[in-house]
Every structure is written in C-alpha cells, then in structure tokens.
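Undergrad: need a 3D model of the sequence below.
(2 chains)
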Amino acid sequence: MTSIRIVAAISLASALALALAGCGSSSSSPSVGSGTSVVSTGGFQSPLTQSLTAGKRGGTLVVLNETEFEHLDPGIAYYNIDYEVVDVTQRALYSYKPNTTTEATPDMASGPPEIAADNRTITIHIREGIHFSPPVDREVTSEDVAYAIERGANPDVANAYFHSYFDSVEGGPKAEGGPIKGIQTPNKHTIVFHLTEPKAQIVADALVLPLSAAVPKEYAEKFDKNKPSNYADYQVATGPYMLKNNSEGKVLGVGYIPGKSATLVRNPNWNPKTDFRPAYLNEILIKIGGTTTVIGRQVLEGTDMVQNEAPNQASVRLAAEKFKSQLEISPGAGTHYIAVNNKVGPFSNIDLRKALWAALDRAAMDKARGGELVTNVMTHFLYPTIPGFEQAGGLAGPKVDYNEHPEGDMAIAEKYIRLAGYAKGKYSGGQTLEVVGSRSSPAEQDAEVVNQTLKNLGFTTKFTLVEPSTMYSKYCGVPKEEIDVCPSVGWIADFADPQTVLNITFNGKFINPVESNNWGQVDDPTINAAMTAAESVTGTSARATAWAKIDDELVADAAAIPFDWDKQANIEGSGVDGVGDLWDSGEWDYDYSSLK
Amino acid sequence: MTGYIIRRILWGVALLVIICAATFVLFRIFPTGNPAVLRAGRDPQPKEIAEIERVLGLNKPLIVQFWDYLKSVLLHFDFGYSYYSDESVRGLIGERLEATASLTIGAAVLWFIGGLGVGIVSALRRHSLLDRAAMGTALVLISAPEFWLGLIALFLFSSDIGRWKVFPGAGSYVPITSDPWKWFTSLIMPWFVLAAGGAAVYARLMRGSLIEVMGEDYIRTARAKGLEERRVTRQGVRASINPIVTLLALETGALLGGAVVVETVFNIPGVGLLAYQSITHSDFAVVQGTVLLAAMFIIVANIVVDIAYAYLDPRVRYS
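TA: You can find the predicted model right below:
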C-alpha cells in the first residue's frame, strides 16, 4: 500500500487498524484504551459495549459502498474496503473479535502460535474439519496456508505487505512465489516458520492479515500463472460466506460485478463448530457507487441497510441529532500530523519545530474535521487502541510546554523561536518555506491553518495545493524535493502493534528515494537504534513499553507536529443491529451484525 | 455525398489516433500515481516496483507501450486491463454502455424536444407571462450545476429519502432487459437532471433564432400572400432549426460530461461512473478507454449531424 492510499483510506476514516500485540500472549485483559476517556463515545454505540451474541438469524443486509473494491484476492487485499468481503469469506490463521484490540483469536489456527525461546521459530497448528467452498470442497491443510503466504511474493500477486512482515522468514527476501525455505509443513495440520532474525512476534502478529488465509494450490495455480493473477475471479472461501459463484467457481460477473455489486451468500461447506463467528445473516448484498451524501440519508431513513464507509460530516451530524441509536462511534481510526523536514531547511532546527507545535491551533483543526464526535486532539504519535498509547501519555500526552495548549500558545512558540536564535521571537532567517498540501477536504483546510500559523511565526511560505496522490508521489514522498512542510499526512496501522505505527514513518532506514513514508526525513540515530532494538521485543506489554518510550523520544524531538486522532463513525438503518470492530478502524463487522 | 462520408470517417479515425496519443502521453507525463507503486505496498523497494512494472508492461519504452496500445485498440478494440481490478477495460466499458446509452439518449431526446418546444412557444408568445416564466426557468436551469440539481431532485422526489416520494431514488437503476417499467421510472429523474441545462440553452437559442427568422422579409411576404399562419410557422421553424441541430453534435461532449456527474449522483452503473471511479483510483487504462469512447461518440455525432444538415437545409450540398 502506498501512502497515497493510506491517506485516502484515512481521509475516509476507514482502514485497517489495531489490536493484537501478541498472538502468543496469555493476557486476557480487555481492549486497549478501556478505562480511559478514549472509549467514551458520547452515549453512542461502541464496539466495546455491543453484544456479540444477541443477534437474530436470517435476512439480507444491504451494504451501500460509495467506493469500488480494490482487490478481493486475499493475497492482495490490503484496504478496509476489501477486508469487508475478505473478513467474512476467508479465515486467516488469527483474527480479532469485534470488541478487542489486544487479543487475536485462533481462527484457522487451533491455538496460539508457539514461539521458540530464541524468537526465531514459530509453530502453528491448523484446525481440522475446515473445508474450502465449492468447487474445491476438500479439507484445508497447512500446505494451503503455506501456498497462500508464498504466493504473496509472486510478482503477479504482489502482496503489499509481504516484504514488510515476512522478510525475516528464511528465503523471504528473495521469494518470487515458489516454495520458501523458511516455511515448513511437517504434517497436514502444522506449519512452522523459521526466521533469520529474532522477530517472531511481529511475524506472528501479522498472521491476522488475510495473506495467511488458505488458498488451494492445485486450484489457484493456473490463475496465479496469469499476468496478473486472476484468482480473485475464481476464488474459494473458508469463512461463513462466499462470493456467489457458478459451478466452475467463477465469481466475476456472478457474485461480483465490478463497479456495481457483490453478493455474499452462505458457504455451504462452513462448519460453525469450527468457528467462533455467529454469522447471523443469510446474505449480504453490497451495492457499489453513488455519493456519500445520498448514501448517508438512504441508510438513516432506511431499514435493512448500512453505510460501509465513514459517512460524511453532514450525515454524522444528522445521525447524532435525529438518529442517535443508528450511530456507532469507534476509537482509533488513525492519525493526521504535519510532516516537517527534519533534515534540511529551517525545521532541521528542533526549537523551530517545537515553536510550530506550540503555536498550532489543533483544536480548531479538529473542529473542522467534525469535532469531538469523530476526533481527539492528537498529543503524541501512538493512537488510541494501539498498545503503548497509555504508556506514552494517553489522551493528554507527554507533559511538555509546547504540547499543553491545544488551542495554540504564541508565547511558548516565541520562546522556542528565541531559543532557535531569533531574538525577536519571530523567524527572520529569510528562507522561504516550501509548503505542499492536499487539495481535498478537510486536508485543504488543515493546510490553510498551518500556512497561516507559519506566517504568524514570521515565515514566508510558498504554498501549493495539489491532488492528494500527487502530494505524496511527487512531493512529500520524494526526499530530493526538499519540501519543508507537508501540512496533513496520515497514517494507520496494519494491525495493533505499535511498530506498525512508528517504524516506517519515523525510522531513518525507511527513507526511500521515492514513495517514502518517512515524510519528514526523521533520521535520529538514537531513535533508529531504539526502533531496531524494539523490533525484536516479544510480548504485548514489553512491546508496548518499548515503543511508548520511542513515542516519548519522538515527542521530545518534535519529529512531526501531531493534530488529529481519528475516530470512526458508522451508521445503520433502523432495522439493523450492526456490530462494529475495534480492529479495522471500527468498521462494521458483518460476521456479527444482524437484522432486528 | 458518399465520398464526403468516407472522408469524414477517415478523418474521424485519424482524429481518434491523435486523441489516443494525446491521452496516452498526458497520463504518463503527468501521472498522479504510478500504478506499479500503488500495488507495491507501504515501503516499496525499487525491485518490487520494477517487478510490478514488468508485469503491467510499464517498463517498456513509452513509444513501444503506445504502439502496443494503439495496435490493440485499432486491431482488436482492446483497451487493455485495469491496473486497479485487473479486469478487461473493454469488458468494464461494455457492461456499462447500456446504462449510459439509456441515460444519454433519453436525456438528449428530452433535451432536444423540450428545448425546441419551449423555445418555439416562447418565440411565438413573445413577452407573454408564459414566455417570461419559461425563460426565467431556463436561466435558473442553465445556472444550476448538475450535481446540485441531482441532489435537490433526490431530496425532494425520491421514494426513499425524498420529501415527496414520487420516483425511485439513487441506486434503483435496472437494465431495460430486466424490467422495462422499473428501467423507465428509475431514469425519469436522471433524464430530467441531465437534460435540464441543455434544454434551457436550446430553449433560449431556439427562441432567439425563431424570433429572428419570423422577422425576415420572406416570412412577411408569405403572410402577405395569405399563407396560413401554421404553414408560415413551420417554414420559420425549419429555417431556424439548422444552427440548433449543429449545436446538438457539439453538445454531445457536454452530455457525456454531464453523464459522469448524473451517474455518480444517481448511482447508475454506467461509463460515466466508471470514469469517475477510475480517475479517483488513478486507473489510467480505464480512464483512457472511457476518454477514447467519449471522443468516438462525439466524432460520430458530428458526422451524423453534418449529414443530417444536408437533409434539413436544401441549400447545403457536399461534394
């Protein structure tokens, strides 16, 4: 996934997120963030309080999707829009129940991963009695899981996160789709991962992603030989639902009509005794297209339908005022911050970065994004529901003066400008700042506020707004362009491990010549070393502590200027008993949702 | 005449090649996102990007890519594959043509008949209350963006979210082959919204043109000779309609552009909605296919209108 898509997903307040922090953990504590104001959702429904067992069986749920799917192949799917289908049709080795962000439940696996003492071997046992949907019909084995992961490295499949999480598997870096030496299947129900580095925890954590959902090699191989693979068009399921197909297994044009609809029906080979999902619905009809303005009204005034993506501000307001019982709010849907160039230009000076942080009216920016209903003022970098969030300061954040006033404090800002060497408390270095923002709402409004704040601090700016994707691909993600300020970049985790929030975005080793996601070119040797050490830490609690310390260091370094933690709003029709996830940034979970 | 038509068709093909080249170069010189990078993940390494570029054929020299594309389009009518969904662009467009044709043809008919009808009545009842009301309404419709007009129509008249639940709302479109009555009722609002602006322009143009013609000497002569008013009006309308018909071809582009908006607002799964979705996904292969298709329609419409012009105006002869 590129930053372009990441931010597009975040701007829809949708995407991946959260939990885990230890498939091997024995912790049974409730969700991260519980007991804090983070989970306060103003009396609206929340994934933390919804019943998972009270649904009524039967019926067809209509899901309105403004956006088209990207990739429905479990080996390619990477965005929440695709997870909507993949999560109910495929069973990864582990998955999250809706109300947790700390514990992944064994799904295709029969138990927690067994991590060897040297942190280099992971053994997982596969459940017996799980079958592929027609036309394959046979029982799933560990070889199907191995093939599913191996094909992720096939350039014709090109899984977006294979190399991020599986490169420590022996043979992973050079894998091209064939067998990987470090993935062994000693018997039909056991799979073993051998790693070259002591990174078992992050590899095990990543097994909640759909790449670990079994794919039958003898069936899929012929589709994977196409360039690119078209297995998605003939895919089979292991979950409670499957995309409607014909007798040959063809899904395209039958259960999935691109740009129009997707029809999910019950998988006749799904055995509820092997699964923890209730799967109340008989059918899920996903209609694609339209505009979010109309969809929001259709859902709120309708009965058996939900809006899959985050509704627009008008719909959220309408729901909060008139359809309160049809609104669900979930914490932890990502972050937005200002990337400032740590390497060159005025903001290579730490005191000028702190000055901008102090002066910025973060409260006003969040209000423009919809206010407290869908945002929290961001005070550090790990976000609610990510392990380490509380250790890093929770909602209030670290107690440093430049972080104390969400409305902005010019006096503190001027203090730091003086510390930077400008005696009058205004920047007078004469260098014009290159500010490149995104021409989309609300990022455009963010950019205007940031630009004005910079001017108030004495900076002269060259202010440019471009299309969101261009902002990343041509400017903010290209270090040689030496952009000083990118006013609104966003990030959301692949799953709830703090490494997935901080590593790629702030570790100097991830500064790439193009498509870099370390937009501020943060390259502090101390922080880099701490991150490298933290990558190998095992256990939820220990990892949370290690990465929270790194978060502290990033705040102390004012490596970027945070302003918004997103919450996810979901709306449903009056006849729906929707259950949202904490995982997947709080989007509806159709395995648990039902009709009244 | 036959020679003229053949020449026009050949020029049309040449124009399509030029448009094809222009869009191809445009999307590659000013890309808003490299399709290979879009597939390569969060921390894309040059090797991964290169592999995907190879799979998608983006690693070949630009001129080779263009030649391959041109051959596919001209020889096989193949627009390639979506970078986004890996589906055939021809298939994607083909599935949606019916919806777009239903929308645009219906709107064009409404646009043409409504615009001309109102224009003629306004011209013949000049300065009357009817004339003023019609021209006032036309001014409003010309000024109203289709997106806004569509939303207003839905919030007022759709059966799900409308104040008065009269017509089926967004997402209700069904193909004519599946249920003709549902097809018809689902398109009533989209037709009116898409036709509104154009019909208003036509009404004003037709009114002006007819008023001018009805003041010509030959009309006065016809009346002086005792020709009945109905026949005089028919002559006047026929003479004043030619520039309007020419405009119809030029407005095909506007109609297709409007279809993008109307299909999006009313969630009609047509080519316009496909174009909109493709633009938002930087799916150049599909965008290019839809641009070429639109260009083809505009060129064909212009040829057809030029031919029709000869039949409408006996003074026009092509050699």
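
Undergrad: contact partners of the longest helix belonging to chain A?
TA: The helix that spans the most residues within chain A, counting by DSSP state H, is helix A:540-556. Helix A:540-556 is contacted from outside by A:21-22, A:25, A:27, A:102, A:201, A:380-382, A:387-393, A:397-398, A:400, A:403, A:497-499, A:501-502, A:506, A:522, A:524, A:526-527, A:530-531, A:533-534, A:537, A:560, using C-beta atoms under 8 Å, 6 or more residues apart in numbering or on different chains. Any C-beta I mention is one placed from the backbone N, CA and C, and that applies to glycine too.

Undergrad: which of the residues you listed count as buried?
TA: A:21-22, A:25, A:102, A:201, A:380-382, A:387-393, A:397-398, A:400, A:403, A:497-499, A:501-502, A:506, A:522, A:524, A:527, A:530-531, A:534, A:537, A:560 (16 or more other C-beta atoms under 10 Å in any protein chain shown).

Undergrad: what angle do helix A:540-556 and the following helix or strand past the longest helix of chain A make with each other?
TA: In the C-terminal direction, the helix or strand that comes right after helix A:540-556 (DSSP states H and E) is strand A:561-566. If you take axes from the mean of the first three to the mean of the last three C-alpha atoms, to 10 degrees, strand A:561-566 sits at 140 degrees to helix A:540-556.

Undergrad: tell me which strands strand A:561-566 pairs with, and in which orientation.
TA: strand A:335-340 (antiparallel), strand A:375-377 (antiparallel) (DSSP bridges).

Undergrad: give me the pLDDT for residue 210.
TA: Just going to use chain A. For A:P210, the pLDDT comes out at 97.

Undergrad: oops, I was thinking of chain B
TA: pLDDT at B:L210 comes out at 92.

Undergrad: spell out which residues of the stretch 151-300 of chain A are next to chain B.
TA: By the rule C-beta under 8 Å from any C-beta of the partner chain, the part of the stretch 151-300 of chain A lying against chain B is A:155-156, A:158-164, A:227-230, A:232, A:252, A:257-260, A:287-291, A:293-295, A:297-298.

Undergrad: please, a PyMOL command that selects the buried ones among those residues?
TA: To isolate the buried members of these in PyMOL, using 16+ other C-beta under 10 Å:
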select buried, chain A and resi 155+156+158+159+160+161+162+163+164+228+229+230+232+252+258+259+260+287+288+289+290+291+293+294+295+297+298
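
Undergrad: in helices, which of the residues of the stretch 151-300 of chain A next to chain B fall?
TA: Per DSSP H, the subset of these in helices is A:F162, A:H163, A:S164, A:T293, A:V294, A:I295, A:R297, A:Q298.

Undergrad: check contacts around the first one.
TA: It refers to A:F162. Contacts of A:F162 by C-beta under 8 Å, 6+ apart are A:I149, A:G152, A:A153, A:G172, A:A175, A:L211, B:G41.

Undergrad: so which of those residues is the most crowded?
TA: When neighbours are counted by other C-beta atoms under 10 Å in any protein chain shown, A:L211 leads the contacts of A:F162 with 30 neighbours.

Undergrad: can you name the next helix or strand after the helix or strand of chain B with the lowest mean pLDDT?
TA: Using mean pLDDT, DSSP states H and E, helix B:35-39 stands out as the lowest-scoring helix or strand of chain B, at a mean of 70. Using DSSP H and E, the helix or strand that follows helix B:35-39 in sequence is helix B:46-56.

Undergrad: list the buried residues for that following helix?
TA: B:E48, B:I49, B:E51, B:I52, B:E53, B:V55, B:L56.

Undergrad: give me the distance between the first one and B:P180.
TA: Just to be clear, that refers to B:E48. 51 Å (C-beta to C-beta, to the nearest Å).

Undergrad: and the second one, by the same measure?
TA: Going from B:I49 to B:P180 by C-beta to C-beta gives 50 Å.

Undergrad: now the stretch 51-200 of chain A against chain B: closest residue?
TA: Among the residues of the stretch 51-200 of chain A, A:A160 lies closest to chain B, at 3.6 Å counting by C-beta to the nearest C-beta.

Undergrad: per-residue confidence for that residue?
TA: 85.

Undergrad: settle this for me: it is touching A:Y78, isn't it.
TA: Yes - counting by C-beta atoms under 8 Å, A:Y78 is a contact partner of A:A160 at 4.4 Å.
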